[in-house]
Structure formats: structure tokens, C-alpha cells
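Peer 1: no sequence on this one, just coordinates:
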């Protein structure tokens, strides 16, 4: 069980954010790791304004470029929001969870591991597909946003995922520019509160396109992740199938132990 700690003030946040020049880890990654930890423990509260890039750079004797890169990647992960004139605040948690713990997106998971996440968009289309319509329990001619992305950690392809979103429930997604966190867009623009998810993992061999994406010489073991995310009204919002490379990806879980 996670214990919530006393929430920090903006001044206290600066005091907690230190960097170590005796490690090879870049300063911006160290800061990302520290800020994600403070958000995850609840010590940095939702809506709290973080120190400006200039103030934090001056306090830590770092360049503003370093602070900007840190904040930009946290915004990309949907953890921070820009508030005009350079202001930055912590986003409200999306609240997605399973009985095993909080569901995290790829970007947030990589940031917590100290890696730099990035994405390469392969396609971004509005389509009709009978099989997908059946999964969403929609008419066969229903429209869906289909995203195909390669997700990378430190420039290494980790997963190729295909995601579908129900445009009948979230029509504004048709105008999404595929930048930033789609979960933040669903919450802030579409006003959809994501509530719960179900997810499965199974073994598979990479397809021809996945073999090429991961740079394998031949078909190799991968993990196939299937995920469905629902709104608070129990409407299916997202269905994802992602192939994770089996030679580099480790799936971590934190499990509660209960005694009978």
C-alpha cells in the first residue's frame, strides 16, 4: 500500500531536486526521475505550479536548456501542463487502475526507468473495420481512429503498437495531431475520464514487419500485449495490440500480498 507523504511547497520542491555530477546519467534524466517519484508519491500535488525554468536552472546551477528538456519530456508524458508565460503545473492523475496497481503508459514507465522515451508515428487514419467494430460492439460501418506507432527507449525500438479509439464516444480525437499524451487529450479536450482497464500478455513470434522494426535477423520471441481501457461509464475507449521485443523488454508488476 502506497503511503501518501506531506505535500511539498514550490520552494521545498527546489530543495529536493538535486543532481549528481559523479554519474553518467544526464542531468535532465536525473530531474525527470526525481520529479516522477515526487508526483507518484503524492508529494507534488495536482495543480501545483512548479518552479520556472529560470528559477530552477539558477537554483541548481544548470542551463535553462537542461530544465526545458526535462519539463518538455514530462509534458510529453502528460504529467505536466503549460500555463502560459512559461508556467508549468502538475496534471491531475488519469486514475486508470487494475487490481494489480496503477496502469502506466509506455512514456511514464520509461521515464521512471531513467530512459528517454520517444515515438515514431507510422500511420494515423480514420477507418472502418468489422473486426474492431465487433470488439467495441459497434455497427460494422462505425469509424475509429487507428494509430500505428513504434515506441522507443533511448532510441531503441521497444514496441510496435496498433491502437484503435471509438470516434462515436470521442469525436474530437479525429482532430488530434498525434503529439503529446493521448490520455491527456481524452481527459482535457474530450472530457472523458478513464476509469479502468483490462490487459493481457502472451508469447508470440515477431511478424515480418515487427522483425524489421526491431532489427532482428529473423522472426524472434516477443510479448503481445492486448489492452482495453474503459471510461467511468464502462464504455470501451481504447483497444491496443502491442508487440514488445522479447530480448529487451521486462514487464514489472507490484503485487499486494494478502493472507487468508
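Peer 2: Received, thanks. Predicted model only: the values in this text are computed from it and were never measured.
Peer 1: any weak-confidence spans in this structure?
Peer 2: For the chain, residues meeting the criterion pLDDT under 70 lie at 1-7, 10, 77, 82-87, 92-105, 108, 112-113, 249-260.
Peer 1: now do the strands in it.
Peer 2: Along the chain, counting by DSSP state E, strands occupy 80-82, 88-90, 97-98, 101-102, 117-127, 144-153, 156-166, 194-205, 221-231, 236-245.
Peer 1: so for residue 56, which of those strands sits nearest?
Peer 2: strand 88-90 (9.7 Å; Cβ to Cβ). (Each C-beta comes from the backbone N, C-alpha and C, glycine too.)
Peer 1: report all helices and strands that that closest one contacts.
Peer 2: strand 80-82 (3 or more Cβ pairs under 8 Å, 6 or more residues apart in numbering; DSSP states H and E).
Peer 1: coming back round to it: looking at the strands of the chain, which is nearest to residue 59?
Peer 2: Per Cβ to Cβ, nearest to residue 59 of those: strand 88-90, 14.9 Å.
Peer 1: how far is the closest one from where the chain is centred?
Peer 2: The chain centroid and the centroid of strand 88-90 are separated by 17 Å under Cα atoms, centre = their mean, to the nearest Å.
Peer 1: just stretch 128-142 next, same as before
Peer 2: 26 Å.
Peer 1: residue 165 reaches residue 142, doesn't it?
Peer 2: No - using Cβ atoms under 8 Å, residue 165 is not in contact with residue 142; the gap is 11.4 Å.
Peer 1: the more surrounded of those two?
Peer 2: residue 165 (25 against 18; other Cβ atoms under 10 Å).
Peer 1: not counting its neighbours along the chain, what's nearest the more buried one?
Peer 2: Leaving out its chain neighbours, the residue that sits closest to residue 165 by Cβ to Cβ, 6 or more residues apart in numbering is residue 145, at 4.3 Å.
Peer 1: look up how far residue 170 lies from that neighbour.
Peer 2: According to Cβ to Cβ, to the nearest Å, residue 145 stands 8 Å off from residue 170.
Peer 1: swap in residue 76?
Peer 2: According to Cβ to Cβ, residue 76 and residue 170 sit 20 Å apart.
Peer 1: so for the two, which residue has more residues nearby?
Peer 2: Neighbours per residue (other Cβ under 10 Å) separate residue 76 from residue 170, with residue 170 holding more: 22 against 18.
Peer 1: in terms of contact, does that one touch residue 186 like I think?
Peer 2: Yes - contact criterion Cβ under 8 Å: residue 170 and residue 186 qualify, at 6.2 Å.
Peer 1: which neighbours do the two have in common?
Peer 2: 192, 237 (Cβ atoms under 8 Å, 6 or more residues apart in numbering).
Peer 1: quick one: stretch 150-159 to chain centroid distance?
Peer 2: Taking mean C-alpha positions (Cα atoms, centre = their mean), stretch 150-159 and its chain are 13 Å apart.
Peer 1: and that stretch, end to end?
Peer 2: Stretch 150-159 has an end-to-end distance of 6 Å (Cα to Cα, to the nearest Å).
Peer 1: can you report phi and psi for residue 139?
Peer 2: For residue 139, the backbone dihedrals (degrees, to the nearest 10) come out as phi -60, psi 150.
Peer 1: list the contacts of it.
Peer 2: So residue 139 contacts residue 133 (Cβ under 8 Å, 6+ apart).
Peer 1: where's it relative to residue 242, distance?
Peer 2: Taking Cβ to Cβ, one finds residue 139 at 26 Å from residue 242.
Peer 1: just residue 61 next, same as before
Peer 2: 41 Å.
Peer 1: the two: which is more packed in?
Peer 2: Each of residue 61 and residue 242 has its neighbours counted (other Cβ under 10 Å); residue 242 has more, 21 against 7.
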